[in-house]
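>>> Build the 3D model from these lines:
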Amino acid sequence: ARGSWPAERPPRGSRWLTAFAIGALVMTALPAIAVLVGALIVGAAIGDAATLADAAWRAVLATPLAVLAAGLVYALLVLGSVRLLGVGLREGYYPVRSRIGWQVWMTERILDGARTLLFPIYASLLTPIWLRLLGAKVGAGVEASTVLLIPALTTIAPAAFLADDTMVACYELGGGWLHIGPAKIGRRAFLGNSGIAGAGRTVPRNGLVAVLSSTPRKAKRGSSWLGNPPERLRRTTTDVDEARTFHPPARLVTWRALWELLRIVPVIATALIALGVLVALEGLWLTVGLGWTITLSGLVLLAAGAVAALVTTAAKWMLVGRIDATEHPLWSSFIWRNEVSDSFVEMVARPWFAAKAAGTPALAVWLRTLGAHIGHGVWCESYWLPEADLVTIKDGATVNRGCVVQTHLFHDRIMQLDRVTLAAGATLGPHSVILPAAGIGEGATVGPASLVMRGERVPAGSVWSGNPISPWRSRPWQT
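Numbering: from 1, shown residues only. Below you'll find the model as predicted:
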C-alpha cells in the first residue's frame, strides 16, 4: 500500500492476540444469543404438546413472532457493540495489534455478518435509519444497499446513493500498521457496486465512482471515476423525473414501505424450513432410531434445499415475472418487488441451496428455473445473476466463484436493464464483474478480479484482464 506509512515496524503486541481470539468468540455469540431467544419463544409455544404433530403445529404458529424477536435482539446487540467499538476512533496510523486495531477489526466483522443476517433491512427505507443508529452521519434522502463501513468515521450527504457491497472509511493495512480516517459521500453522489471510498477520500458532490472502483484522493464536483487505480470517466447524465427518483410523493413512500414489510416473509420462510428439518429428524428418531436418523439426515437436508430453491423460484415468478431489457425509476413497483424477490434468493435459496450447490449441475438447473439461458456443460460457481432472464451462458462456458453477471445499473437512480451473454467456451475469472449489454466471445477468457464494461464485446479466442479489462499479456498458465 502506498502512502505515508510509518517507516519503523510496530511493537509485536502479542497480548492483543488474546483480545482478537475473544472478539471472535463474542462475534459468534451475537447471532447465537438471538437464535436462542427465538428458540425459547418456540419452546414456550410448544409447551406440553402430547404429540410431535401437535408440537410442530404450535411451533409453526409461533415462528413469525420468534423470527421478529430474534431479529430485534440481534439488531440491538449489533447496535450496542458497534457504538461501543466506535468510541475513541480517530484518524491516524496504529499498530494492527492495538486497541484501535482491535476495535475497527471487530466493527467490520460484526457489520459484515449483519449484512447477511439482517439483509432485509438493507436497500430499504430503514437503511439510512440503521446507519444513523450505528453512528454514521447520514443525510436525508440517502439510498444505501449492503454497505460496509466504520460508522464513526463515515459521512453520507443528502440524496447520495451507495450500491451493493460498497466500502466506506474501511481500514487499510501496510507494514504491520493500520490506517483509518474519515470518508465522505457527497450530495447526490453515486458509489457503484463494490466501490471503495477509503480513509481520507471523498466522492464529490454529483460525482460517480463506478463498479469495482476506488475513489481518487482529489476529485472535482460532478466528476466520474473508474478502475483501481481510478481514471477519469466520461459520463452521460440521464434526464430523470425527480418525482420518481429524488422527491417522491407520499403515496409512493407509503407503497414502498408496504412492499418492504414483505421482506420479513423470506426470513420466516427460511425459519420454517429449519423447523421442518428439525421435525423430520425428530420424527425419524422416534420411528427408526438414532443410527438411521443420522444415515438419512443428508437426504433430509437435500429435501430442504430443494424446497428452498422451489420456494424462491415461485416467489420470483409471482413477484416480478419475466424481466425484460428496459428501465425503471427508483420509486417504482418493479424495483420494490424485485428487492423482495432478491430477499428470497439471499435469505432462503442461498443458505439452504445455492451456496452449497456452487459448481454443480443442480445450480444450473435452478438458475434455468429463474429464467437464465444456460447451455450444456456449463461450470457456474456463482448464483449472483440478479435478473436471470437477461443472462445467456452457452455450452461449456465458465463462471467462476465470486463473479457477478450484472444485468442492471442504477446510475441517476434509474435502473437500466440489459442482456449479458457468455458464448460457448467463454470464461469469466474469479471475482470478476460483467456489466449490462456486454458479452464474452467464444473461447475468450477474462481474468480474475476484472471488470467488463457496459456494452463491451470481448473478441472470440482473446484473453483479457484488469479493471477495466485490457489485453492480458502475461498469462499465469504460460509462465
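>>> Surely residue 98 is in contact with residue 16?
Yes. Counting by CB atoms under 8 Å, residue 98 touches residue 16, with 6.5 Å between them. Every C-beta, even on glycine, is put in place using the N, C-alpha and C of the backbone.
>>> contacting residues for residue 308?
By CB atoms under 8 Å, 6 or more residues apart in numbering, residue 308 lies in contact with 270, 273, 348-349, 351-353.
>>> Restrict those residues to the buried ones and give me that as a PyMOL selection.
Filtering the contacts of residue 308 down to the buried ones (16 or more other CB atoms under 10 Å) takes a single PyMOL command:
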select buried, resi 270+273+348+349+351+352+353
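>>> Neighbours of the closest residue in space to residue 452 that isn't next to it in sequence, how many?
If the residues on either side of it in the chain are set aside, residue 452 comes closest to residue 434, at 4.1 Å by CB to CB, 6 or more residues apart in numbering. When neighbours are defined as other CB atoms under 10 Å, residue 434 has 29 of them.
>>> Can you name the residues bridging to residue 434?
Residue 434 has the following beta-bridge partners by DSSP bridges: residue 405, residue 452.
>>> can I assume it is in contact with residue 409?
No. Judged on CB under 8 Å, residue 434 makes no contact with residue 409 at a distance of 11.9 Å.
>>> report the longest helix in the chain, please.
helix 264-319 (DSSP state H).
>>> Describe which strands the helix or strand just after that helix pairs with in its sheet and in which direction.
Downstream of helix 264-319, the first helix or strand assigned by DSSP states H and E is strand 327-329. Sheet pairing of strand 327-329 (DSSP bridges) gives strand 414-417 (antiparallel).
>>> Next SSE downstream of the partner strand?
By DSSP H and E, the next helix or strand past strand 414-417 is strand 420-422.
>>> other SSEs contacting that next one?
On a contact count with 3 or more CB pairs under 8 Å, 6 or more residues apart in numbering; DSSP states H and E, strand 420-422 meets strand 391-393, strand 439-440.
>>> Just say which of the ones you listed is most tucked in.
Of these, the one with the most neighbours on average (mean count of other CB atoms under 10 Å) is strand 439-440, at a mean of 24.
>>> The following helix or strand past that strand pairs with which strands, and in what direction?
Following strand 439-440 in sequence order, the next helix or strand is strand 445-446 (DSSP H and E). Here strand 445-446 has these sheet partners by DSSP bridges: strand 427-428 (parallel), strand 463-465 (parallel).
>>> how far does the longest one sit from the chain's center?
In other words, strand 463-465. The chain centre lies 26 Å from the centre of strand 463-465; the measure is CA atoms, centre = their mean, to the nearest Å.
>>> Repeat that for the first one.
Taking the mean C-alpha point of strand 427-428 and that of its whole chain, the gap between them comes to 21 Å (CA atoms, centre = their mean).
>>> same check, this time on stretch 54-68
Centroid separation for stretch 54-68 versus its chain: 29 Å, with CA atoms, centre = their mean.
>>> oh, and call the first residue 46 from now on, that's how I've got it
Shifting the count to begin at 46 puts that one at stretch 99-113.
>>> mind checking pLDDT for residue 282?
Looking at residue 282, its pLDDT stands at 67.
>>> I meant residue 49, not that one.
For residue 49, the pLDDT comes out at 79.
>>> just to revisit the earlier point, tell me which of the strands paired with strand 490-491 is the most buried.
strand 472-473 (a mean of 24).
>>> all helices for the protein, in order.
Using DSSP H, the helices found in the chain span residues 60-91, 97-130, 144-162, 171-179, 295-306, 309-364, 378-389, 406-414.
>>> Pick the most buried one from the ones you listed.
Scoring the helices of the chain by mean count of other CB under 10 Å, the most buried comes out as helix 378-389, with a mean of 21.
>>> packing partners for that one?
helix 295-306, helix 309-364, strand 372-374.
>>> Now for residue 494: which residues touch it?
Contacts of residue 494 by CB under 8 Å, 6+ apart are 257, 474-477, 512.
>>> ok, now how distant is it from residue 90?
According to CB to CB, to the nearest Å, residue 494 and residue 90 sit 48 Å apart.
>>> dump the residue contacts of the nearest residue to residue 307 once chain neighbours are set aside.
Leaving aside its chain neighbours, residue 307 sits nearest to residue 385 (5.1 Å; criterion: CB to CB, 6+ apart). If you count contacts by CB under 8 Å, 6+ apart, residue 385 has them with 304-305, 307-308, 310-311, 360, 364.
>>> Would you mind putting those into CSV with distance to residue 155 and pLDDT alongside?
Compiled in CSV, these are given as follows (distance: CB to CB, whole Å; pLDDT from 0 to 100):
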residue, distance to residue 155, pLDDT
304, 28, 97
305, 24, 97
307, 27, 97
308, 21, 97
310, 26, 98
311, 23, 98
360, 29, 98
364, 31, 97
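>>> now, the most widely separated pair of those residues?
305 and 360 (15.1 Å; CB to CB).
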